[in-house]
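# Task: produce atomic coordinates for the following.
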Amino acid sequence: VQLQASGGGLVQEGGSLRLSCPASELPMENYAFAWFRQALGKEREGVSCISRRGGTTYYSDSVKGRFTVSRDNAKSTVDLQMNSLKPGDTAIYYCAVSNYGCSVTETDMKYWGKGTLVTVSS
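Numbers count the residues shown, from 1 in each chain. Okay, here's the model as predicted:
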């Protein structure tokens, strides 16, 4: 399964970006998805997840109130809307497929996508 997050780029502080993770190879309704990020020199951090039908979501404290995860099973995509971006959000963002429902525990992930770089300038 090949996943490739897209939508990253350079944005000024306070700006917005929308990341997308197409997953047409998967039966979407069978899997929850998660978003992780890894900043330079730091450990990977789970920032959000969404359950199979979208009824359950999770956000880390660092992004709560600013990021919104969504999914469209018919279009086979999972998105992460990022608003009010801060320089501290600068990282490579990855989408991942969870074996165990809405989770940001790395060992729960079945598939990992290639990342997309988000850079927030001050």
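
# check contacts around the residue nearest to the spatial centre of the chain.
A centroid search over the chain (C-alpha atoms, centre = their mean) returns W35, at 2.7 Å, as the residue closest to the centre. Under the criterion of C-beta atoms under 8 Å, 6 or more residues apart in numbering, the neighbours of W35 are 19, 21, 46-49, 69, 80, 93-96. Bear in mind the C-beta positions are built from the backbone N, C-alpha and C, glycine included.

# Show me the shaky parts of the chain.
The model of the chain has no residue with pLDDT under 70.

# Number of residues surrounding S121?
11 (other C-beta atoms under 10 Å).

# residue contacts, the closest residue to G9 other than its chain neighbours?
Excluding the flanking residues, the one nearest G9 by C-beta to C-beta, 6 or more residues apart in numbering is L17, at 6.3 Å. Remark: with contacts taken as C-beta under 8 Å, 6+ apart, L17 is in contact with 7-9, 11, 82, 85, 118.

# Okay, L17 and W112: tell me how far apart.
Applying C-beta to C-beta, to the nearest Å, one obtains 20 Å for the distance of L17 from W112.

# Tell me what W35 is bridged to.
S48, C95 (DSSP bridges).

# if I look at the closest residue to Y100 other than its chain neighbours, how far off is Q38?
In space, and not counting its chain neighbours, Y100 is closest to D108: 4.5 Å by C-beta to C-beta, 6+ apart. From D108 over to Q38 the distance is 17 Å, taken as C-beta to C-beta.
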